[in-house]
Every structure is written in structure tokens, then in C-alpha cells.
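# give me the fold of what follows.
(2 chains)
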Protein chains: 2
Amino acid sequence: MTYRIFRGDESIAAIPPDSRGLAYGDGVFETMRAHRGGVHWRDAHRVRLEEGARRLRLRLPDMGKLDAGIDALAGEQPDGVLKLLVTRGAAGRGYAAPADAEPLWMLSAHALPPPMRPGGLVVRWCDLRLAIQPALAGIKHCNRLEQVLARGEWQADAFDEGLLRDTEGNAVCATAANLFVLLDGRWTTPPVDRCGVAGICRAWAIHALDALVEPLSIAQVESADAVFLCNAVRGILPVARLGERSWTPHAKLGDAMRLLADAHPAFAHLEYP
Amino acid sequence: MTYRIFRGDESIAAIPPDSRGLAYGDGVFETMRAHRGGVHWRDAHRVRLEEGARRLRLRLPDMGKLDAGIDALAGEQPDGVLKLLVTRGAAGRGYAAPADAEPLWMLSAHALPPPMRPGGLVVRWCDLRLAIQPALAGIKHCNRLEQVLARGEWQADAFDEGLLRDTEGNAVCATAANLFVLLDGRWTTPPVDRCGVAGICRAWAIHALDALVEPLSIAQVESADAVFLCNAVRGILPVARLGERSWTPHAKLGDAMRLLADAHPAFAHLEYP
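Have a look, this model is predicted:
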């Protein structure tokens, strides 16, 4: 893994100990898929980053510098995961944001995650419920204890992902992916204006699959004709099993994966019958 | 400011870039009041730390090592603020907690905050509402974007603190303090089992003042006979004004402050008529 740390325009050796990212999770991040030295959905990641910064009133680094950093890293790790973390910088103690702190930001390159379990994901409902917080919903901020707790509910290999409900019982997403279900021939995904993250691959799929954005109950998910999870790193991941319910391959899910592979060749290798 | 960083038992020079504290706010903290080289409520801070670690399934450092670090710092900064941050350590990307990562922890010493505005605090209602999240309520975890956003609603000097309501409209706390109101001669503070932090000074005050723990409406706060905020660093802070409402000194608030000063001499200097 490669890590590059910056304060404003300047490259620095280490995270300052008074980083607000460390103290409060006061920042946003993007997890991007590098493929053959390019970055899929680069513009969409940038738009979400800017939206997150706007919502948190967070100062962003110079975009030219940031783009150059991403280019350099994608050149060194042409096929992998690139992560960008932008925090409010460093400043003493207390919640009040310093007016003049330079943003503290970091770029890192990581290996691709292991390939999907053959046949599709085995998932579970998590016990943890996502809190309703419109002020933070949708953006990819660094307050991720809900996801950490939910992911901690099972041991590796037992399940591939966990599905999350909000405190009102609606299905929202997985710990690190968005959720799409096929109902009456139409793909549907839950809104993310009260909790959840506005995923980059989710936005692509809503447009490409003409999906509905509507609240989903547990019963709707379990009775769906097909279910997939998606994120910008792994693309579309078919769900094969959720508790007692299992799904066999569905033509419309194959169509969706082919559409994605045509648009974003990193995902051309994903197998589906 | 002094910062000391540790991984397990080992002193290290800098925060590792793959710190889960930085990535996800995956940790807990304590903010302690040092006074004449001792630490007020030291046991209570430790109990809350352990409770936070239990709830987040977070491994704590060796307690002897931790105590020695606090002693050393309190010796160097006999009157000030000591902060302890314990995070889940460092590990690649992804929400799954590493089974074997050494805890990454940090001790720091800070100057005391400036003294209270003479006559009592001027406070406001924040627009931001705290989300209902029982899984994180009560503990002093590092997912503090709600507090950062709430504190960002006003400029320094305009107000001393902001009062927070939850998404259901109940009054809960301030951005960095708990809330007590005097109703029918009895101090009352809201529960913190759905949101908010179980403050160290709050626990002292519930016991010392025989306070009720009950939900509070905005109307109850605004119609109270006296209001104070409290935390472990600043003790009891009388509220003088909240919007149109103002409070003159109340004998029972003076009594509470004297009780606190007798038990914890760091707070003996707080002025109140």
C-alpha cells in the first residue's frame, strides 16, 4: 500500500496528531476503481466529494493538485483501489472548526478486493439499524462507526455482506454497497436522503437501468425477483442468498452486468450465468 | 500542546496513515481535567472508557501503561486539559475490524479553556438535530460530525454554547456539555440512551443533586427556574440567556456549584453570585 499525505499544497511525512479527521472523523472520502491506469467514474467521484465538502463546510485542496496526485497513483497502480481522504485539517481541541486550517488530505493505493463468491453473494440482515440523520445522509463522510459495528456482526467467510435497515425498519443498503431489487420487472433502490450513502455505481445504475428510487421494506427485498449490491470498486454483485431466501440467475441481472461492463471495462470480468 | 502516540505498549513517532481512527472515527476519547497534578474523576473516566470499548468491541491498551502516561502528563501540565484517544489501530481498507491490530492511542495535554462569560452562558438552540442511535448513544466515540456541524452554526463570541434536540424534538445536551434544568425545585437532565454522551460531570451531578433523568421538551427548558451546562473540564456553567429567555442567579444553582467545588477543587474558582 502506498500513502501520500498533504497539507494544502504541501506534501508532508505524517498525519499531524491534532488532525480533526482523527479526533472527530471530520472529513470525507472517495474509494475509486483504477483500471488500466485510468479511474472509472472520476467526474462522479469529484462531484460527490464537492457535495460532501459543501454539506460539511469543508475546505477542499486545490483540484489540480488533487487530480495530479490521482493520476500519479493510478500510473503506479494501474489496476487497484485508490482512496482519497480529505479532512478539515489540524487544530487544537474542540468542535469549533478552525477558520484558516489548510485541508489535510491523503491519497492511497490498495490491492483489488478478492473476487466474488462463485454464484453470488450470501448476505444477512444486520441487527444494527442506521440512524436517521438527514444532515449527514448521502455523503461519504468519515463517521463510519455504524458500518464498523454492522460489519462486526459476522466473521469473514460466514457472509459476504450485511444488509442494513434504518431505525424505522426500511431496507437501505449494505455495509459497503448500495442495494437494488427487481420488483414487477423494475429495478428499485432506496433513497439516501435520511441515511445511507449516494453510491457512485448506484447513480450509474439508477440512470442506466431506469431504476425507481423508493423506500423498500424487508418483505419487498425478500420477495424480489432478483437482488444486487453495487459499489464503485466491485461493480454489480448479484445476491444469491439472504437467510432462507435464495435467488437463481435472472436475465435482467445479467443484462445489468453487461451494460456496466460495456460502460466500465474494469467490470467486464464479472461472471454471471 | 504535547502529544504522545502509542501502538500497544510501544511509543511511536506519528499516527500511521492507515489508522482506523482517521478513516472511520473508529475510537473513543476522554477529556480530563488536570488540577495540581491530579486528574479529577479519574475512575469515572476509566469506567466510561471501558464501557465505550466494550460497546465498540475495541481493544484497550494495557491499563498500567495508560495510567503511567496520564500521570506523566499531569505532572508536566498540572493544571490543564488531558485528552486520551484510543482507536482500533491500523489496518488496510474496509470496515471489517482487524482481529489482531494493536490499539493505537494518544495522550495529549492542552491549556485550560478561557473562563466563562461573566454572569453566565449565552446559548442558542441549534438547527441540527441529533440522530437516534442507541448503538452509539452514551459513549464518547469519535464520530462527532453532528457536534462539528452544530458548533459550526454560530461564530465565536456570538454564543457560548448551542443546545441540541434530537430528531424527535426532545432537548438532549449542548455540543460539548450536558444539560440540567430546575423544574419544580428538582434538577432534571435528559437520558442519553438514544443519543448524547453520558458526561462525567453529569453522572456526578445526578448523584450529588439527586437529579431526575427524564426527557425534556423545549418548553420545559425555556420555562425552567434555572439551567446549567456541565462537563468534566469546565464543571458547572450557569446559563444566563437562551433566545428571549434570561435567568438571574438562583440559590439552588449556587448550591450546586459550591457542592462541586467542595468535591473537586479545580472548580472552586467559578464565580456565581
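# from now on I want contacts and neighbour counts done on CA atoms only, so please keep to that.
OK.
# A:Ile206 should be in a strand, yeah?
No. Per DSSP: H, G, I helix; E, B strand; the rest coil, A:Ile206 lies outside any strand segment and is helix.
# burial of it, as a residue count?
When neighbours are counted by other C-alpha atoms under 10 Å in any protein chain shown, A:Ile206 registers 16.
# domain ranges for chain A?
Domains of chain A are assigned by automatic domain parsing as A:2-110, A:121-267.
# what mean pLDDT does the first one have?
Per-region confidence: domain A:2-110 scores 95 on mean pLDDT.
# ok so, going back, possible to save the domains of chain A as JSON lines with distance to B:Arg241?
Listed next are the domains of chain A as JSON lines, based on distance: least, C-alpha to C-alpha, whole Å:
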{"stretch": "domain A:2-110", "distance to B:Arg241": "21"}
{"stretch": "domain A:121-267", "distance to B:Arg241": "27"}
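# where are the low-confidence patches of the stretch 151-273 of chain A?
A:270 (pLDDT under 70).
# which residue does it have closest to chain B?
A:Arg151 (5.7 Å; C-alpha to the nearest C-alpha).
# ok, now which ones touch that residue?
Counting by C-alpha atoms under 8 Å, 6 or more residues apart in numbering or on different chains, A:Arg151 touches A:161-162, A:175, B:95-96.
# so where do the strands sit in the stretch 151-273 of chain A?
A:161-166, A:171-174, A:178-183, A:186-189, A:212-213, A:226-231, A:235-242, A:245-246 (DSSP state E, counting those that start in this stretch).
# of all the ones you listed, which lies closest to B:Asp255?
Nearest to B:Asp255, of all those, is strand A:161-166, at 44.0 Å by C-alpha to C-alpha.
# CA atoms of the helix or strand containing A:Ile70 as PDB?
For A:Ile70, the host element (DSSP states H and E) is helix A:63-76. C-alpha atoms of helix A:63-76 as PDB (Å, rounded to 0.1, in the frame of the first residue of the first chain):
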ATOM      1  CA  MET A  63      -8.300  20.400  -7.500                       C
ATOM      2  CA  GLY A  64      -5.300  20.500  -9.900                       C
ATOM      3  CA  LYS A  65      -3.000  19.200  -7.200                       C
ATOM      4  CA  LEU A  66      -5.500  16.600  -6.300                       C
ATOM      5  CA  ASP A  67      -6.000  15.400  -9.900                       C
ATOM      6  CA  ALA A  68      -2.300  15.200 -10.400                       C
ATOM      7  CA  GLY A  69      -2.000  13.100  -7.300                       C
ATOM      8  CA  ILE A  70      -4.700  10.700  -8.500                       C
ATOM      9  CA  ASP A  71      -3.000  10.500 -11.900                       C
ATOM     10  CA  ALA A  72       0.300   9.700 -10.400                       C
ATOM     11  CA  LEU A  73      -1.100   7.000  -8.200                       C
ATOM     12  CA  ALA A  74      -3.200   5.400 -11.000                       C
ATOM     13  CA  GLY A  75       0.000   5.300 -13.100                       C
ATOM     14  CA  GLU A  76       1.800   3.400 -10.400                       C
END
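# now a PyMOL select for only the buried ones of the contacts of A:Arg151.
This is the PyMOL syntax for the buried subset of these, where burial follows 16 or more other C-alpha atoms under 10 Å in any protein chain shown:
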select buried, (chain A and resi 161+162+175) or (chain B and resi 95+96)
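# which member of the contacts of A:Arg151 is positioned nearest B:Leu128?
Nearest member of the contacts of A:Arg151 to B:Leu128, counting by C-alpha to C-alpha, is A:Thr175, at 25.0 Å.
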